[in-house]
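A.B. asks: Mind folding the following:
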Amino acid sequence: MGQAKIRKMQEIADFRKRAERWLTEPDDYEIKAVSEISQLPSVRAYRAPEADLAYMRMKPNECHQNAYFMEENDPSKKIRRVTGYILNDEVYVLHSIIENNGEYICVTPSPIGNGAEGFDFIIDDKITFIEKDGMGIPFRDGHQITNGFRKNPDEAMRKVKIILTRLDNGASLEEAQREPI
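C.D. replies: Numbers count the residues shown, from 1 in each chain. Now for the predicted structure:
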């Protein structure tokens, strides 16, 4: 099997693992968190150029570690990691970016494009990280956060199930996520 095919299979397996986390029933805390998050303001963030991210060896799907690395290794000590959410359809997707002199920059490569046009990012100052096994685990109000929070859990679960079924039927990641869902 070729390297490209192995890499695609791993991307699908990683995506499936993340997607399946959205298939839990909502709890009282998720409902409370969504109510609070929906009231927070957003800032405009931009993704760093792909060539820069490759040069810096930033890893896809490791936004918290990437932003932490940038903050810790900035000789000027002006960069800070900022954690919050990208509103993506029915979900607030947990994400970390950096803030540098008032500019908000995503330092995580995206498999679905550069994002040069920018995106709205909701900063949540309630998010903290607890060190465990060399990794920072995100928490909000004492609750561990995995993917983020769902505005409409039933609709989010319906869409995830459709995407997973498409993957089971042999669709690529891009095809599986294509509208209509």
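A.B. asks: what pLDDT, on average, does the longest helix along the chain get?
C.D. replies: Of all the segments of type helix in the chain, defined by DSSP state H, the longest one is helix 3-20. Mean pLDDT, taken over the full extent of helix 3-20, equals 90.
A.B. asks: chain center to that helix: distance?
C.D. replies: Here helix 3-20 shows a centroid-to-chain-centroid distance of 16 Å under the convention CA atoms, centre = their mean, to the nearest Å.
A.B. asks: Could I get the average pLDDT for the next helix or strand after it?
C.D. replies: Beyond helix 3-20 on the C-terminal side, the first helix or strand identified by DSSP states H and E is helix 28-37. Mean per-residue pLDDT for helix 28-37: 97.
A.B. asks: before we move on, back to that, what does the longest helix of the chain contact?
C.D. replies: Applying CB atoms under 8 Å, 6 or more residues apart in numbering, the contact partners of helix 3-20 are 61, 111, 147, 160, 163-164, 167, 172-173. (Each C-beta comes from the backbone N, C-alpha and C, glycine too.)
A.B. asks: Of those, keep whichever come out buried.
C.D. replies: For these, burial is judged from neighbour counts taken by 16 or more other CB atoms under 10 Å, and it is met by 147, 160, 163-164, 167, 173.
A.B. asks: just to revisit the earlier point, looking at pLDDT only, which of the contacts of helix 3-20 scores worst?
C.D. replies: Pro111 (65).
A.B. asks: Can you say which helix or strand has the residue most central in space within the chain in it?
C.D. replies: Among the residues of the chain, His95 comes closest to the average C-alpha position under CA atoms, centre = their mean, at 4.2 Å. According to DSSP H and E, His95 maps onto strand 91-100.
A.B. asks: Counting by contacts, list what that strand packs against.
C.D. replies: Helices and strands touching strand 91-100, as assessed by 3 or more CB pairs under 8 Å, 6 or more residues apart in numbering; DSSP states H and E, comprise helix 63-72, strand 80-88, strand 103-106, strand 119-123, strand 148-150.
A.B. asks: quick one, which of these is packed in tightest?
C.D. replies: Sort these by mean neighbour count, taking mean count of other CB atoms under 10 Å, and strand 148-150 sits at the top with a mean of 24.
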